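> using only what follows, build the 3D model:
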Amino acid sequence: MNKVYRNSIWMMSEKLLSIIGLIFVTSFVARYIGPENFGKLTFATSIFAIVQTLAMFGSDNIIFQKTSKNPKTGERIIEATKYMRNALYAVFASVVLIYLYFKVDHLTFVFSIASCIAVFFALHDVYSIYFNATLQSYLNTWCNVVAILMSLLVRYGIAYFELPVSYLSVPIVLVTLVPYVLRRYLFAQRKVTPTQSVQYKIKKYQGYMLGVGRKLVLYSLSVAIFTKTSQLFLGLSSQHDLGVYTVAMTLGGSFYFVLNALISSFLTQIYAENDLQRSQKMVAQLNTLVACVALSALGFFALFGQHIVHWLYGQAYDQVNQILLLAVVVTLFSGLSTVAEKYLIKFNAYDYLHKKTLILVLFNLGLTATAIHYYGLHGAIFAILCTELMSLTVFNYFYKHGLIWDTHLRMFKPSTYTRS
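I've put the predicted structure just below:
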């Protein structure tokens with residue numbers, strides 16, 4: 001277990017640096033171009049985030065699960081899905097770029113191209129999943145440190161020499177390009193399966209991925225849709241509100257790296273545990289950790305959120321303070337929902353997740369469209385909050401006679417926190 005805690009600390013260090021870099025880079029861009037133009041940029045990047053999810057075809061969840069049990073299997077799945085990811089991304093990204101070329105202004109399109117390139121490298125940086133699953137997260141940390149330092153130096157260089165704002169595309173790309181190159185090199189040095197062996201069984205794993213991936217892709221897509229639907233509908237309604245909403249969600253979710261580190265590290269032990277009662281207890285303990293971290297973040301932003309918004313983004317974004325705390329609660333529900341859904345994958349609940357997602361996506365689309373139409377910015381945050389809550393609770397409780405309901409009840413039982 002000490003190794004799990006160490007891995008969690010490394011993952012938190014990595015994500016902390018990533019979040020700090022992301023916030024400073026995006027805050028500079030947001031402050032420079034204003035809420036409306038920042039909303040246009042967000043609209044484009046939201047679309048590419050969904051394209052990335054489609055191209056991933058559910059392989060991220062499978063890579064983590066299989067690598068946790070057997071690194072050789074994870075390596076074969078990484079290789080088997082590479083060409084599939086390339087083909088899917090090329091098709092969808094081309095369609096999006098053509099659409100944006102005719103619909104947005106020049107600056108937004110430049111940022112869209114940068115986002116497209118950055119997402120391409122992020123799509124293929126599945127090596128970070130592999131290192132997390134094999135408890136080697138310290139490698140991810142060092143790779144991201146280098147990337148963040150480079151992107152921040154370039155950003156400040158652009159500001160110092162007062163270069164055109166379009167040059168900010170460069171650090172957007174560097175944030176994903178640099179860690180991808182470094183991790184790909186490290187993966188080649190550390191993988192346990194010879195390349196020839198991987199190539200020999202590639203068709204077998206491609207068939208497996210097509211079978212399982214088509215069930216998981218809708219589930220993975222739902223995660224992207226839940227977080228991006230509000231942005232897409234707001235983008236069609238008000239670019240200014242979209243810029244404000246994006247800043248609130250960025251800050252409100254800034255601590256998610258801690259939740260993700262805890263979830264990823266503890267899931268390696270949960271996946272390996274064969275006793276149901278012990279795994280239920282472990283999930284309940286993980287839920288409690290997630291809740292404690294999120295509630296601490298809620299208190300922090302209640303005290304200092306207004307000052308942080310003003311310092312990073314300026315007075316043009318004061319409206320962020322109206323929904324910032326709700327964005328933190330969204331992150332709490334999202335973290336707990338992630339625990340539940342990844343736990344269901346332990347039981348190969350692909351069909352259940354497929355059906356759950358289909359219903360939840362329809363629920364989310366209807367709620368978001370209605371809420372934004374009548375209440376604008378506040379409707380957007382209400383829609384994502386309600387969707388995450390339903391995803392965490394009602395839509396999970398039907399699996400195996402309330403398996404997830406039991407883990408939630410165990411959070412409030414003293415016996416969950418005793419050795420027995």
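> for the closest residue to Glu273 other than its chain neighbours, phi and psi?
Distances taken as Cβ to Cβ, 6 or more residues apart in numbering place Ser279 nearest to Glu273, at 4.4 Å, with adjacent residues excluded. Using the backbone N, CA and C atoms, a C-beta is placed for each residue, glycine as well. The phi/psi pair for Ser279 (degrees, to the nearest 10) reads phi -70, psi -40.
> same question for Cys292.
As for Cys292, its main-chain torsions (degrees, to the nearest 10) stand at phi -60, psi -40.
> what about it, how many neighbours?
By other Cβ atoms under 10 Å, 10 other residues sit near Cys292.
> relative to Val329, how far out is it?
Distance, Cys292 to Val329, by Cβ to Cβ, to the nearest Å: 14 Å.
> repeat for Pro35
Pro35 sits at a distance of 23 Å from Val329 (criterion: Cβ to Cβ).
> now Phe131
Per Cβ to Cβ, Phe131 is found 31 Å from Val329.
> please say which of Pro35 and Val329 ends up with more neighbours.
Neighbour count, other Cβ under 10 Å: between Pro35 and Val329, Pro35 has more, with 25 against 18.
> quick check: next helix or strand after the helix or strand harbouring that one?
Using DSSP states H and E, Pro35 falls within helix 2-56. For helix 2-56, the succeeding helix or strand toward the C-terminus, using DSSP H and E, is helix 59-69.
> that following helix packs against which elements?
In terms of contact count using 3 or more Cβ pairs under 8 Å, 6 or more residues apart in numbering; DSSP states H and E, helix 59-69 is assigned the packing partners helix 71-103, helix 127-133, helix 202-237, helix 256-272, helix 324-346.
> could you export it as PDB, CA atoms only?
What follows is helix 59-69 as a C-alpha-only set of coordinates in PDB (Å, rounded to 0.1, in the frame of the first residue of the first chain):
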ATOM      1  CA  SER A  59      -9.400   2.500 -25.100                       C
ATOM      2  CA  ASP A  60      -8.200   4.700 -22.200                       C
ATOM      3  CA  ASN A  61     -10.300   2.800 -19.700                       C
ATOM      4  CA  ILE A  62      -9.300  -0.600 -21.100                       C
ATOM      5  CA  ILE A  63      -5.600   0.200 -21.200                       C
ATOM      6  CA  PHE A  64      -5.700   1.200 -17.500                       C
ATOM      7  CA  GLN A  65      -7.700  -1.800 -16.400                       C
ATOM      8  CA  LYS A  66      -5.600  -4.400 -18.400                       C
ATOM      9  CA  THR A  67      -2.300  -2.800 -17.600                       C
ATOM     10  CA  SER A  68      -3.000  -2.900 -13.900                       C
ATOM     11  CA  LYS A  69      -3.400  -6.700 -14.200                       C
END
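> circling back: contacts only, for the residue nearest to Glu273.
Contact partners of Ser279, counting by Cβ atoms under 8 Å, 6 or more residues apart in numbering, are Ile270, Glu273, Tyr343, Lys346.
> which among those residues count as buried?
Buried subset of the contacts of Ser279 (neighbour count, 16 or more other Cβ atoms under 10 Å): Ile270, Tyr343, Lys346.
> send me stretch 122-132 as CSV with only the CA atoms.
Extracted in CSV, the C-alpha atoms of stretch 122-132 (Å, rounded to 0.1, in the frame of the first residue of the first chain):
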residue,chain,number,x,y,z
ALA,A,122,-2.9,14.1,-26.3
LEU,A,123,-4.8,11.4,-28.1
HIS,A,124,-1.7,9.3,-28.5
ASP,A,125,-0.2,10.1,-25.1
VAL,A,126,-1.7,6.9,-23.7
TYR,A,127,1.7,6.2,-22.2
SER,A,128,0.7,8.4,-19.2
ILE,A,129,-2.1,5.9,-18.5
TYR,A,130,0.4,3.0,-18.8
PHE,A,131,2.8,4.6,-16.3
ASN,A,132,-0.1,5.4,-13.8
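> just how off-centre is it within its chain?
Distance, stretch centre to chain centre, for stretch 122-132: 12 Å (Cα atoms, centre = their mean, to the nearest Å).
> same question, stretch 180-187
Chain-centre distance of stretch 180-187: 20 Å, with Cα atoms, centre = their mean.
> list the buried ones in that stretch?
Residues Tyr180, Leu182, Arg183, Leu186, Phe187 are the ones in stretch 180-187 that count as buried (16+ other Cβ under 10 Å).
> try stretch 358-370
Buried residues in stretch 358-370, defined by neighbour count with 16+ other Cβ under 10 Å: Leu360, Val361, Phe363, Asn364, Leu365, Leu367, Thr368, Ala369.
> same question for stretch 150-165.
Neighbour-count burial for stretch 150-165 flags Met150, Ser151, Leu152, Val154, Arg155, Ile158, Val165 (criterion: 16+ other Cβ under 10 Å).
> state the distance from the third one to Phe38.
Read that as Leu152. Going from Leu152 to Phe38 by Cβ to Cβ gives 19 Å.
> do the second one as well
For Ser151, the distance to Phe38 under the criterion Cβ to Cβ works out to 18 Å.
> sorry, back to before: okay, and which of the buried residues of stretch 358-370 map to helices?
If you go by DSSP state H, these have Leu360, Val361, Phe363, Asn364, Leu365, Leu367, Thr368, Ala369 in helices.
> what about Leu107, which helix or strand?
Secondary-structure element containing Leu107, defined by DSSP H and E: helix 106-124.
> so which bits of that helix are buried?
Of the residues in helix 106-124, 107-124 count as buried by neighbour count, 16+ other Cβ under 10 Å.
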